[in-house]
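[1] Prediction below, plus the sequence it came from.
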Amino acid sequence: MIKAVIFDLDGVIVSTDEYHYLAWKYLADELGIPFDRELNHKLRGVSRLDSLKIILQHSNVDFADHDLDELTDKKNSYYKNMLQELSARSILPGAKELIESLRSVKIKIAVASSSKNAKTILSMIKLFDKFDVITDGNDIENSKPDPEIFLLTSKRLNVPPEDCVVIEDAEAGIEAAKKSGMKQIGIGTNESLPNADIIKKDLSEISLNFILSL
Ligand code: BG6
Ligand code: MG
């Protein structure tokens with residue numbers, strides 16, 4: 001029986017996935033290397049540094065470690081500038097309703113995000129106080145597709161993995177949830193998430209009864 005729902009943040013609860021894309025696109029254009037939405041999809045759920053490595057590898061470009069730090073700092077500053085536009089209006093369809101209905105029946109809820117900006121974002125969209133647990137990129141060594149973030153979240157929630165369901169828009173997140181022994185719901189399409197057990201367009205398609213039936 002489902003006792004906890006673990007939400008990814010970027011692209012599931014809030015539309016920040018578009019800002020991640022735009023910030024990487026800006027950096028790639030500066031470096032004169034190709035970057036498009038298809039490559040961006042591979043970066044969903046992946047840490048900042050690992051994302052940069054994927055972009056550079058795609059163009060067979062090599063940088064020293066200190067340059068990688070400079071480049072990730074640059075991308076993060078572009079991204080944080082964009083975050084200034086964020087407000088409660090950036091919350092994606094169905095998120096608030098699903099969070100409230102889960103809370104009303106005391107199903108535990110958590111955010112498990114690879115982002116080091118997750119807590120800032122949750123405060124900006126005024127959802128910070130809604131969750132029993134928030135685990136983010138500052139708490140883990142290995143980002144999705146490693147299961148570390150979900151296993152840590154399950155421990156903090158005190159709910160075993162088999163009683164948790166993860167809601168994710170990232171291939172890396174679906175893989176991590178599978179490895180951690182949790183059920184998963186993919187937010188996207190069959191093409192964008194070929195490995196997800198269940199696919200929904202957004203959170204407005206997920207009802208409390210649906211969660212209880214899993
Ligand atoms: C994930 C995003 O939530 O966080 C990734 O899907 C992003 O695209 C990752 O790279 C790390 O985010 P941040 O905010 O720490 O750069
Ligand atoms: Mg995501």
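    Received it, and whenever you're ready, just let me know what you need. Ligands and ions are numbered 1, 2, ... in the order given.
[2] Let me see the ranges of the helices in this structure.
    Ranges of helices within the chain are 16-31, 37-43, 48-58, 65-83, 95-104, 118-124, 148-157, 171-179, 208-212, based on DSSP state H.
[3] looking at those helices, which is buried most?
    helix 171-179 (a mean of 24; mean count of other CB atoms under 10 Å). All C-beta spots, glycine's among them, are computed from the backbone N, C-alpha and C.
[4] Just want the angle from it to helix 148-157.
    50 degrees (axes from the mean of the first three to the mean of the last three CA atoms, to 10 degrees).
[5] For stretch 60-68, what does the pLDDT average out to?
    Predicted confidence along stretch 60-68 averages 87 (mean pLDDT).
[6] what about that stretch, how long is it end to end?
    14 Å (CA to CA, to the nearest Å).
[7] Show me how far that stretch is from its chain's centre.
    Chain-centre distance of stretch 60-68: 25 Å, with CA atoms, centre = their mean, to the nearest Å.
[8] Return the residues in contact with Glu148.
    Contacts of Glu148 were listed using CB atoms under 8 Å, 6 or more residues apart in numbering, and they are 140-142, 176.
[9] Turn those residues into JSON lines, including distance to ligand 2 and pLDDT.
    Formatted as JSON lines, those follow (distance: CB to the ion, whole Å; pLDDT from 0 to 100):
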{"residue": "Ile140", "distance to ligand 2": "15", "pLDDT": "97"}
{"residue": "Glu141", "distance to ligand 2": "19", "pLDDT": "95"}
{"residue": "Asn142", "distance to ligand 2": "17", "pLDDT": "94"}
{"residue": "Ala176", "distance to ligand 2": "11", "pLDDT": "98"}
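[10] what's the most distant pair in those residues?
    The distance between the two most remote of the contacts of Glu148 (CB to CB) is 13.3 Å, for Glu141 and Ala176.
[11] Excluding chain neighbours, give the residue nearest to the closest residue to ligand 2 within the chain in space.
    The chain approaches ligand 2 most closely through Gly11 (3.7 Å), counting by CB to the ion. Sequence neighbours aside, Asp17 is the residue nearest to Gly11 in space, at 3.4 Å (criterion: CB to CB, 6 or more residues apart in numbering).
[12] wait, isn't the one you found in contact with Asp169?
    Yes - the pair Asp17 and Asp169 qualifies as a contact (CB atoms under 8 Å) at a distance of 6.8 Å.
[13] got any residues that touch both of these two?
    10-11, 44.
[14] Stretch 15-30 close to ligand 1?
    Yes - counting by CB under 6 Å from any ligand atom, ligand 1 has neighbours in stretch 15-30: His20.
[15] average pLDDT for stretch 18-28?
    So the average pLDDT for stretch 18-28 ends up being 97.
[16] and if you look at stretch 78-95?
    Rounded mean pLDDT across stretch 78-95 is 96.
[17] hmm, back to that, which one of the contacts of Glu148 is nearest Asp129?
    Ile140 (22.6 Å).
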